[in-house]
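Student: here is my input; please provide its structure:
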Amino acid sequence: MSDCIAYPQQKLKKEWIQNEIDDCAVEWAKSFGKYLTTTDDLNPLTTSQIRKFFGELKRIQAAPSKYKEDVPLLKAKLAYAVGRDKKSRGKFSKIRSFYTEIEKGIDFIRENEANDLSRFVKIVESIVAYHKFYGGKES
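Tutor: Residues are numbered from 1 along each chain as shown. Predicted structure coming up:
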């Protein structure tokens, strides 16, 4: 695991969605979840922002064949959340970082590949868990 690279040096990898979740994927999710809670010059991502997206993702996962057309629309929902965030009007924000990484992950999900969606959900679930672990705050 010592060769794992943390966020922001490492971005979400296509292999983690399309092949397998390895120890480095978990370490990356940990570093990304922690980054999203930090209060530097950017406001942290709130628990309600991340849970809203995760709830929608879990709804899709519950019936993937029924809601498969909703997967690409997740990007639009995230874009809306970025636009709503008054604190992220500038180019850089934690919600924008979340959007950028998760948008890539959505693009990595292949049509008719249930395992891709399942792995994507597990990675997002890990991010949510570490976000909470590191003190993610309510809005």
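Student: what sits against Ser93?
Tutor: Contact analysis of Ser93 by Cβ atoms under 8 Å, 6 or more residues apart in numbering lists 42-43, 82, 85, 87. Using the backbone N, CA and C atoms, a C-beta is placed for each residue, glycine as well.
Student: do Tyr130 as well
Tutor: With contact taken as Cβ under 8 Å, 6+ apart, Tyr130 is in contact with 29-30, 32-34.
Student: ok, and it, which helix or strand is that part of?
Tutor: helix 114-133 (DSSP states H and E).
Student: show me what counts as buried in stretch 131-139.
Tutor: The neighbour-count check on stretch 131-139 (16 or more other Cβ atoms under 10 Å) flags 131, 134, 136 as buried.
Student: oh, I was asking about stretch 104-118
Tutor: Neighbour-count burial for stretch 104-118 [16+ other Cβ under 10 Å]: 105-106, 108-109, 116-117.
Student: just to revisit the earlier point, now, among the contacts of Tyr130, which is nearest to Glu101?
Tutor: Phe32 (6.7 Å; Cβ to Cβ).
Student: without its sequence neighbours, what residue ends up closest to that closest one?
Tutor: In this structure, Phe32 finds its nearest non-sequential neighbour in Tyr7, 4.1 Å apart by Cβ to Cβ, 6 or more residues apart in numbering.
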